[in-house]
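K.L.:
With the sequence up front, the predicted model follows.
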Amino acid sequence: MNTKLYTGNSSTQNITGLDFQPDWVWIKSRTSTHNNQTFDVLKGVQKSVVVNEAAVEITMTNGLTAFGTDGFTVGSDDQVNNSSQNYCSWNWKANGTGSANTDGDVTSTVSANTTSGFSIVKWDSTGTAGINIGHGLGQKPAMIIAKSTNISSTSWPVYHQSLGATKYLSLQATTASTTSATRWNNSEPTTTTFQTGSSGDIGGSDRTMIAYCFAEKPGYSKMGSYTGNGSSDGAMIYTGFKPAWVMIKRTDNAGNYWHIYDNKRSSSGGSNIIDDVLYPNRSDAEYSGDKLDIISNGIKFRSGNGDINASGGTYIYMAFGQSIVGSNNVPATAR
């Protein structure tokens, strides 16, 4: 995973420097009110689903037009390449265009990177609860983000291991975690499959579904939970590596935004303090505030804001670092 910043030029632009070919690209304008646009190899180029809306896949002719060996190419669409704006892209490597997976009750198309614990899964839902979908990771996912790409008014249901399969969050919304059997069918994912419920968000008939699945890897990724203390001397979250990207959501209270931080954006003069926030559930420009401290082995909160550190509040997070994992599961520092 890598974060890449760039400045728009209202023309065609090659964005490079990732050191890999990305398979999922999430782009957000930092300086203007534009939607969170997501592109992946299974949907194909020019096909985006907006994270902060419950909408269908759209064709952006001048959006992301190519996946390259070291980045991607964007056209002139102002959502991804306006000359007056700065942009942030978050990029994950899966395993290319994908292949058929028959581990579940229906055949899914899966692009899986088992080394980094990330897969993209595409399937057609049947309208029946309790359908198993193969994810290709070879270990239990710690977090799953799903979306129907062809049916409007469907949300982004999120599974997180700290909440379990009896509850879900919605990536496009500020709702608290909700107890329901209709998203994950009250069934925990396995090393080969995850299960869908009867909700039209994930299990309705005639749905084309996409899911982004994440498994924890020592020294690289962590999906956990914490309790806030409401102080600028906040809780310390141990990840076992120096995070490069963090997403946080309060789960016990409605109205709190999802927050994304990364190590490429900060207005704190190059210190460990990260205070530039982008919101998955909103189209807002970048906001400076709600500080946290990126340290060598985790995160420490430097704000008592309720979105990230309310006293007694409960939160989930997903974090990625800048390290690689050897066959012995000992992390090695990467640049």
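P.N.:
Here it is on my side, so go on.

K.L.:
dump the residue contacts of residue 140.
P.N.:
Residue 140 is in contact with 161, 188-191, 215, counting by C-beta atoms under 8 Å, 6 or more residues apart in numbering. From N, CA and C alone the C-beta is placed, and that goes for glycine too.

K.L.:
Equivalent analysis for residue 41, please.
P.N.:
Contact partners of residue 41, counting by C-beta under 8 Å, 6+ apart, are 23-24, 67, 94, 96-98, 111, 120.

K.L.:
excluding its backbone neighbours, what's nearest it?
P.N.:
Excluding the flanking residues, the one nearest residue 41 by C-beta to C-beta, 6 or more residues apart in numbering is residue 23, at 4.6 Å.

K.L.:
distance of the one you found from residue 250?
P.N.:
Per C-beta to C-beta, to the nearest Å, residue 23 is found 30 Å from residue 250.

K.L.:
Over to residue 321?
P.N.:
If you go by C-beta to C-beta, the gap between residue 321 and residue 250 works out to 23 Å.

K.L.:
Could you list the buried residues of stretch 164-173?
P.N.:
Residues of stretch 164-173 classed as buried: 165-173 (neighbour count, 16 or more other C-beta atoms under 10 Å).

K.L.:
likewise stretch 24-36?
P.N.:
Neighbour-count burial for stretch 24-36 [16+ other C-beta under 10 Å]: 24-30, 32, 34-36.

K.L.:
circling back: which one of the contacts of residue 140 is nearest to residue 52?
P.N.:
Nearest to residue 52 out of these is residue 161 (C-beta to C-beta; 24.2 Å).

K.L.:
How many residues are close by the nearest residue to residue 250 once chain neighbours are set aside?
P.N.:
Nearest residue to residue 250, sequence neighbours excluded (C-beta to C-beta, 6+ apart): residue 256, at 3.9 Å. Neighbour count of residue 256, defined by other C-beta atoms under 10 Å: 22.

K.L.:
Is it correct that residue 256 falls within a helix?
P.N.:
No - assignment of residue 256 by DSSP: H, G, I helix; E, B strand; the rest coil gives coil, placing it outside any helix.

K.L.:
And it, how far from residue 35?
P.N.:
For residue 256, the distance to residue 35 (C-beta to C-beta) stands at 20 Å.

K.L.:
show me the contacts for residue 225.
P.N.:
Contacts for residue 225 (C-beta under 8 Å, 6+ apart) come out as 160, 162-163, 251, 314-317.

K.L.:
Of those, keep whichever come out buried.
P.N.:
160, 162-163, 251, 314-317.

K.L.:
and these as CSV, adding pLDDT and distance to residue 228?
P.N.:
As requested, these are exported to CSV (pLDDT from 0 to 100; distance: C-beta to C-beta, whole Å):
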residue, pLDDT, distance to residue 228
160, 98, 17
162, 98, 14
163, 98, 16
251, 98, 11
314, 98, 8
315, 98, 6
316, 98, 12
317, 98, 12
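
K.L.:
quick one: which of those residues sit in strands?
P.N.:
Applying DSSP state E to those, the entries found in strands are 160, 314-317.

K.L.:
Please identify which of those is nearest to residue 239.
P.N.:
Of all those, residue 239 sits closest to residue 317, with 8.8 Å by C-beta to C-beta.

K.L.:
so which strand or helix has the residue found closest to that closest one once you drop the neighbours it is linked to in the chain?
P.N.:
Of all residues not flanking residue 317 in the chain, residue 248 sits nearest, at 4.8 Å (C-beta to C-beta, 6+ apart). Under the criterion of DSSP states H and E, residue 248 resides in strand 243-250.
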